[in-house]
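Enquirer: Starting from these lines, generate the structure:
(chains A, B, C and D)
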Amino acid sequence: MKITVPAVRRDTRPALVRLVAGAALIAGIVAGPGLYGRATSAGRLAPSLQHVSGSVNVQVLLPFPPQAFHQAQLSSYGVFAGRHGNTVFLLDVPANSLRELAGIYWVAKIEPLRPPG
Amino acid sequence: MRARTEAGAGRAPAAPWLRPRGSAARSPRVPRRLVPLLFAVPFLVIIVAWVLAKSVFGVSDAALPSVGDVIRASGQLINWGILPYDVSASLYRIALGTALAIVIGVPLGLLLGTSRYSVIMFGPFLRFFRAVSGIAILPLLIVWFGFTETTIQVAILYTALIPIIFNTMTGVRMIPRGYADAIETMGGGRARLMRDVYLPGALASIVVGIRLGVGYGWRALIAAEMLVGVGGLGSMIFGALQFRALGQIVAGMILIGLLYLIVDRLILAPVEDATVRRWGVQRG
Amino acid sequence: MTARNRRLRHAVFLRSLPVIPFVALLAVWAVGWQIARPPLITLPSPLEVGRTVHQLWDNGQLQANISASMYRWGLGFGIGVVSGVVFGLLAGLSALVARMLEPVVSFFMAISGIVWLPIAIVWFGLGTPVVVFIIWNSVFFLIFANTMLGVRSLATVLEDGVRTLGASRMHVITRVLIPGALPHILEGLRSGLGFGWRALIAAEIIGATTGLGAMIYQAKEFLRSDVIVTGVIVIAAIGLLLDAVLGLVERRTVERWGLVSTERARTR
Amino acid sequence: MTATSKRVPPTRQGGRIVCAGLAHDFVNARTGESVPALGTVDLVIESGEFVTVCGPSGCGKTTLLRAIAGLITPTQGQVSCDGTVVRGPGKDRGVVFQELAILPWRTVRRNIAHGLEIQRVPRQEREKRVAYFVGLMGLSGFEDKYPHELSGGMKQRVAVARTWATNPSVILMDEPFAAVDAQTRLTLQEELLRISLLSSNSIMFITHNVDEAVFLGDRVVVMTKRPGRIKTVVPVPVPRPERTVEAMADAQFVSLTDQVLHLVREEVQ
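Expert: Got it, this is the predicted structure:
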């Protein structure tokens, strides 16, 4: 349907550059946060949780009061057991989920669950 | 500027009195280094008008957020991890929907395009379903699939599929008769014809169809997300409406626009330029 | 079989071809429904849809919704076209302005239509004004860009030709630039029509209580899929009708001047 | 061709064109560097004279014409027509372009009348002139056709008619017959000569075809390669009325054509 007369044969280099730039931009936007989170994940995990095997109960500290969105996201890593202020309590978090949890950039700190009181 | 918009408005009609497509519209005498500045001026004008509207004309926050509100809202949404989540959700959906539409639409279009009668037979049929926008069938999809991801996916797939089938079909029709005859006389079978004549010949038109598909699909996606509300930029800005977070709405709108421009101008347009140039151009 | 007779039969055959897919779809739908007997809420039978169309026509509900939608579409599309062409022409007159506005117009085209709904509801609330705004928004930038492109892509020799006859700037604009840009403007009108119509339905589904879009969305609340299917068919029919009317206008004006519009080139 | 002897457009003294120290550089908008297109040219076209200009492609022939037409302002020197300096396009200098410049959305009749409409010639006189030129240019029967319904040759006849109808004092023609087949081209050339005798406009005709230049021109201006300057001016001794296709064959004409061809080829190496 597109009727064009033969365009002057510009080389396709500029088109390629645009394509690479666009793809890089989209990849950055989609993968960027995850990569950034993983890169800074060391600081998030409390020392005692660094080498853990089997599942643990943890309390996840956020820099802001968690909303429904955050509770939903966090509960995919363990059993959601309520929240207090900026902290969310998660039970039976398996070891590999713990590492993924540490890779979320909007999570401030992950500490072992302190018994209440 | 070829108004290569998602509406295919750039599909300028061929007319003897138009300049050949290749040559840019009469470009003004502007030195090269001033060009980027040139593009920034209108955006600056808009921002200045926006600030004036708020400060001088005192437009209330209930009607128009300030530039500061929008920036703060964006920062907040990023810190909360909401924006990246919704952006990825929307981009994932449009990518999946378009990929499915290509996998289904191109072969179907090629098949339909090969015979003259099928174009006459299915032309109006496809036009009928093009008039039924993906958004119009949303209520039906909700009845069938409820407020789920499937509803959104089907809406995008349906919206993107129609232009891809249509353009593939017409792309094949535009291929001069001689090409196929030549291959046949050399003993080429149907598969050979498909691979060496129809697909390459129609490629430029298929790519235009894909761009149209993404254009229509993106709109249907935003509308579907608003309605179904299962994550994504559409549901984010519609959700923000409930509690009048105007900064969030405007931030979302700007992002929706920028993301589409990145996909359309930086990914699809170069592909189209490359295919049109490499595969040469069909004569009308 | 005289040649003329055979040609006639062939013409009839070609005319009847487009009907076949519709008939096939109807048959599959009817037979499929008989076999599967799905509950009414999921898929009504063609018969039930027929009855619903009849029923909605009788109690005037269908006409009310159609006229509400058409009124809003007419208003939104009309204003969109007039404002788009006027500003498009103004911008197209100077190469510098046209070049400068390209990116900002592309941006607003990327978010034109439904994306404005939330902020538009804040401004206009629900009902006709917000729908008209959404339609205007989804049409204006498209027509603006196409009109501007139309003026910019005119062969300069036409303008020079008339200027060497002693024509004034005004004369060049009215006698050369505007007619010359007409094919692009009509092209913009056709795609604008499609976008305007789709934006109308979307805006009515979310932002209105009357009109075809609202009708099919409310029908969902009561799981009346027969009303939904009726609405979808009517929406498509009107969309096609509007497109056909515009196709006629395009054929009558621009094609007379020897322009091969992409529409006709496609089906040749 | 019914060439009625009675001349419809009132006879008017052909304009005298003087190009003094004319030169022009093209500034490339993107890269900003300027490319010399026309070297310094001093040329005078006397009133009523038919001057043809030929030279290698890219030698600035068209730039020269556009400067005289006022479509571009030369970077150096100036052009004057009958004493007044040329500032921009004007009705005293009609132009027939190489590409098709008639308006596709106007019929043949309304295209030819377009110049007259612009110059507010009264309707009655307008219709008379259009009828005259439709006959003169062999367009009878095509008056209400649109350009896309005409052949290439016919379209150029309409373009010539449109310019001639306004009877400008100078007519500038930029390779008008380039896109026409050889056969039609010869007939168009003969017709042009005949029409030029009917009115006394000065004519400047640009072509890259040497035969056409020698056949049409009272004088043939040969230009050097880019940036074009005037290499030599070759007068054509055969008066216009006697120049027919047959006359083209005799020795004197052939030797003249070879001479010009030789001059042009020198520039092409």
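Enquirer: what about residue D:174, neighbour count?
Expert: 23 (other C-beta atoms under 10 Å in any protein chain shown). Backbone N, C-alpha and C define where each C-beta goes, glycine included.
Enquirer: Show the pLDDT at it.
Expert: We have a pLDDT of 92 for residue D:174.
Enquirer: One more: residue B:201?
Expert: Taking residue B:201 on its own, its pLDDT is 82.
Enquirer: Please apply the same query to residue B:154.
Expert: 95.
Enquirer: elements contacting the lengthiest helix in chain A?
Expert: In chain A, assigned by DSSP state H, the helix with the most residues is helix A:13-39. Counting contacts by 3 or more C-beta pairs under 8 Å, 6 or more residues apart in numbering or on different chains; DSSP states H and E, helix A:13-39 packs against helix B:82-114, helix B:269-278.
Enquirer: rank the ones you listed by pLDDT, which is bottom?
Expert: helix B:269-278 (a mean of 80).
Enquirer: now check that one, is it near chain C?
Expert: No: using C-beta under 8 Å from any C-beta of the partner chain, helix B:269-278 stays clear of chain C, coming no nearer than 10.6 Å.
Enquirer: what about the residue of the stretch 101-250 of chain B found nearest chain A, neighbour count?
Expert: Closest residue of the stretch 101-250 of chain B to chain A, C-beta to the nearest C-beta: residue B:170 (4.7 Å). By other C-beta under 10 Å, the residues close to residue B:170 number 26.
Enquirer: That one and chain C, how far apart?
Expert: Look at residue B:170 and chain C: by C-beta to the nearest C-beta, to the nearest Å, they are 5 Å apart.
Enquirer: isn't that residue right up against residue B:204?
Expert: No: assessed by C-beta atoms under 8 Å, residue B:170 is found out of contact with residue B:204, at 11.3 Å.
Enquirer: Give the buried residues for the helix or strand harbouring residue B:247.
Expert: Using DSSP states H and E, the element containing residue B:247 is helix B:246-261. For helix B:246-261, the neighbour count (16 or more other C-beta atoms under 10 Å in any protein chain shown) marks B:246-253, B:255-257, B:259-261 as buried.
Enquirer: Also within reach of chain C: list those from those residues.
Expert: Contacts with chain C within those, as defined by C-beta under 8 Å from any C-beta: B:246, B:249-250, B:253, B:256-257, B:260-261.
Enquirer: Could you provide these in JSON lines, with additional columns for distance to residue A:108 and pLDDT?
Expert: Output for these, formatted as JSON lines (distance: C-beta to C-beta, whole Å; pLDDT from 0 to 100):
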{"residue": "B:246", "distance to residue A:108": "29", "pLDDT": "93"}
{"residue": "B:249", "distance to residue A:108": "28", "pLDDT": "95"}
{"residue": "B:250", "distance to residue A:108": "29", "pLDDT": "94"}
{"residue": "B:253", "distance to residue A:108": "30", "pLDDT": "95"}
{"residue": "B:256", "distance to residue A:108": "30", "pLDDT": "95"}
{"residue": "B:257", "distance to residue A:108": "33", "pLDDT": "94"}
{"residue": "B:260", "distance to residue A:108": "34", "pLDDT": "94"}
{"residue": "B:261", "distance to residue A:108": "35", "pLDDT": "92"}
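Enquirer: from chain D, which residue is nearest to chain C?
Expert: Residue nearest to chain C within chain D (C-beta to the nearest C-beta): residue D:148, separated by 2.5 Å.
Enquirer: How about the backbone phi and psi for the closest residue to chain A within the stretch 151-284 of chain B?
Expert: Going by C-beta to the nearest C-beta, chain A is nearest to residue B:266 of the stretch 151-284 of chain B, at 2.6 Å. Residue B:266 adopts backbone torsions of phi -100, psi -20, taken as degrees, to the nearest 10.
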